[in-house]
Structure formats: structure tokens, C-alpha cells
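Asker: Below is the sequence, then the predicted model.
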Amino acid sequence: MIDLRSDTVTRPTGAMRKAMAEAEVGDDVFGDDPTVNRLEALCAEISGKEAALFVPSGTMANQIAIRLHTRPGDEVLMESGAHPFNHEAGGAAVISGVQIRTIFGARGILDPAEVQAAIRPPNVHFAPPTLLCVEDTSNRGGGSVHPADRLQDLAELAHKNGLSAHLDGARAFNAGVASGIPLHERYRCYDTISFCFSKGLGAPVGSALCGPRDLIETGRRVRKMLGGGMRQAGILAAGALHALTHHIDRLDEDHQLAKSIAEGLLSLGYCVETPETNMVYVPILNAPQAAIELANSGVACIAVAPDRLRLVTHLDVRRSDLPTILTAFSRLPR
């Protein structure tokens, strides 16, 4: 089966498994796991922030960030397709007691003018807006990449209006490779940034939350509160370290393969946009049934809407799989 459902389905490479098996470990809750400490130091350096916190998932990283930047009753602004609003099980309401106000962005890219219009003035009737979340790349936007100047404009707009700015960079390394701009430059204006190791980078578990040292130390307590304090977590951190040192540059292979899939689908008569990163969204009639038929042909993908499929390339998908993928789509009724 060629699995295009998500870049979360990747399996550790042999070299990554070896690194994990040989990892030096300690008790991370006591702060003495040397591999976790090395990972957090590297994440801080890559992000250009003072400190970093290793957490089990991107959802936990985002929820800790929301908790750190808000108080119960506050309002958090984000694009309507953003992950914390759509895919984090209502965590912001339960964990932080905040409401989310969504703003539509074309292909998931926020417009500063629309954000400014959504920031309501102080009023006893309104929940005070205290945080802007930006997702880069935008998953539901098709793996789209925010222009670097747009990212800066959004963060500066938030700060000018008294809001903090958090960057949900679950696929930040895809954005960095696609734009040619390293993370510490792309996200320098953001108070906190999260990124995942378990998506395009191919590690089995984990994300990082990066930001000011005092804020990250408070986040460490929130992680414990949420059950995210791990013990000999160096085994997991070693996989993430291997991913950071070996799997970033190869993300361009995923991007190029996604473009080739899109070009092939266009030649078959499908109306698809050229992807910016590793996601191809395919408009199609009866997407759930199409996904079943594709699986029967050896290609797994997800129907993200009644009329839309999502295909995601990653390190377990090879260019040699392209003919099989296109043949499976050629058999679908249209």
C-alpha cells in the first residue's frame, strides 16, 4: 500500500532506530535526561529562541502555548482552518477557558487587514483578544506557505494591538525548505513557535515549543499538569535529534514528488493546484467512495470533504510509486 494519508504515517528509518536504541537517557522530569537536553538546546538554536520544551505532540505544544499567553475568558484569533480550532478536541476551551475567533484566509493565509478588523476594542461585552495564532504551513490551505513579510506583518500587528503571537509550525521545516528562509529568520517576531518531529521529519513521536526562557519554564509546569512529563524520554528525543540532523534537506524531495503527482493528475484531467509543499488536494465527486476505490488499487488517501481528497508525500513514498498512483486515479469514474 502506498500510504498518502498523512506525513504522520512515516516509520523510523534503520539509522533512526539505531540512534534511539543507543540513546543516553535519564529522568527528564528531573531535568537530567542528556539526550532531551541536547534536543531542547538544538531546537532553541534552530528557532532563534532562548529555550525549548520537548512535548509528546503538536497538539500539546499548541495547547501549552495558548495557556501561557491567555487567561480564562480571553479570545484567541486564528484562521478558520487552523489546527487548534479544527483538530485539537476543544482543548483551548477545556484547558485554558478561552474562546476561539476564526478569520477566513485564502488558502489558509491570513490577511493583516482582516486580522485588524477582527480585533474588537475593549468593551465589557467582549472577550478580550490576547493571542494571535498563525499556522505555517497551512494544512487545510493545501500546505501553503506564508510569505515571510506577511508573517512579520501579522506578528507586528498582534503586538501593536497588545496581543501575543504564536506560530503553529507543525510543518515549519517544510515552509523553511520551500521558502529558502531558515526558521530563526522566518519566525523571529513570534513570541513562541511550535514544530513537529513526527510529520515530514519522520520521527515516531514528539514536538517542541520554543520561546523565552521564563515562559518555557512555566510551560514545563503546564506540560506536567497535562500529563506530558516523560521519564527516560531520551529514547524518543534521539529520534527527533536524528530527524533534525538528517531529514530536513530531504523535504524538498517530498515537495518535488507532490508537484509531479499534481502534474500527472492534471494530465489525467483533474483540476488540481500546483502544491507549494508536500500536499496535493484533489477536487473529485464522491471523495469518500473515491478513497475506497483508490485503496483497492493500493493507494491510501483521505477524503477531507465530500468532494475533496488529500494526498501527502513523505519519506516513505518514493518517486517510483508515481506510476501506481496515477494509474489508480486513471481508473476512477469522472
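Answerer: Arrived safely, thanks for sending.
Asker: What is the burial count for Ala61?
Answerer: 30 (other C-beta atoms under 10 Å). Just so you know, the C-beta spots here come from the backbone N, C-alpha and C atoms, and that holds for glycine as well.
Asker: For the stretch 1-150 of the chain, just list every one of the helices.
Answerer: 14-21, 34-47, 58-69, 83-86, 91, 112-118, 148-160 (DSSP state H, counting those that start in this stretch).
Asker: so which of those helices comes closest to Ala170?
Answerer: Evaluated over the helices of the stretch 1-150 of the chain, closeness to Ala170 peaks at helix 58-69, with 4.7 Å, by C-beta to C-beta.
Asker: Which elements pack onto the closest one?
Answerer: strand 51-55, helix 83-86, helix 91, strand 129-135, strand 164-169, strand 192-196, strand 207-211, helix 213-225 (3 or more C-beta pairs under 8 Å, 6 or more residues apart in numbering; DSSP states H and E).
Asker: how about these in JSON lines, adding mean pLDDT?
Answerer: Shown next, in JSON lines, are the helices and strands packed on helix 58-69 (pLDDT from 0 to 100):
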{"stretch": "strand 51-55", "mean pLDDT": "98"}
{"stretch": "helix 83-86", "mean pLDDT": "97"}
{"stretch": "helix 91", "mean pLDDT": "97"}
{"stretch": "strand 129-135", "mean pLDDT": "98"}
{"stretch": "strand 164-169", "mean pLDDT": "98"}
{"stretch": "strand 192-196", "mean pLDDT": "98"}
{"stretch": "strand 207-211", "mean pLDDT": "98"}
{"stretch": "helix 213-225", "mean pLDDT": "98"}
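Asker: Nearest to Asp316, out of those?
Answerer: Across these, closest to Asp316 is strand 192-196 (C-beta to C-beta), at 16.2 Å.
Asker: Please work out which residues outside that closest one touch it.
Answerer: Contacting residues not belonging to strand 192-196 are listed as 43, 47, 49, 57-58, 61-62, 65, 68-69, 164, 166-173, 183, 187, 206-211, 215 [C-beta atoms under 8 Å, 6 or more residues apart in numbering].
Asker: circling back to that earlier point, need the helices and strands packed on helix 58-69 in TSV with distance to Lys259, can you?
Answerer: Compiled in TSV, the helices and strands packed on helix 58-69 are given as follows (distance: least, C-beta to C-beta, whole Å):
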stretch	distance to Lys259
strand 51-55	32
helix 83-86	24
helix 91	34
strand 129-135	22
strand 164-169	22
strand 192-196	22
strand 207-211	27
helix 213-225	37
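Asker: if we can go back for a sec, single out the most deeply packed of the helices of the stretch 1-150 of the chain.
Answerer: The highest average neighbour count among the helices of the stretch 1-150 of the chain, using mean count of other C-beta atoms under 10 Å, belongs to helix 58-69 at a mean of 26.
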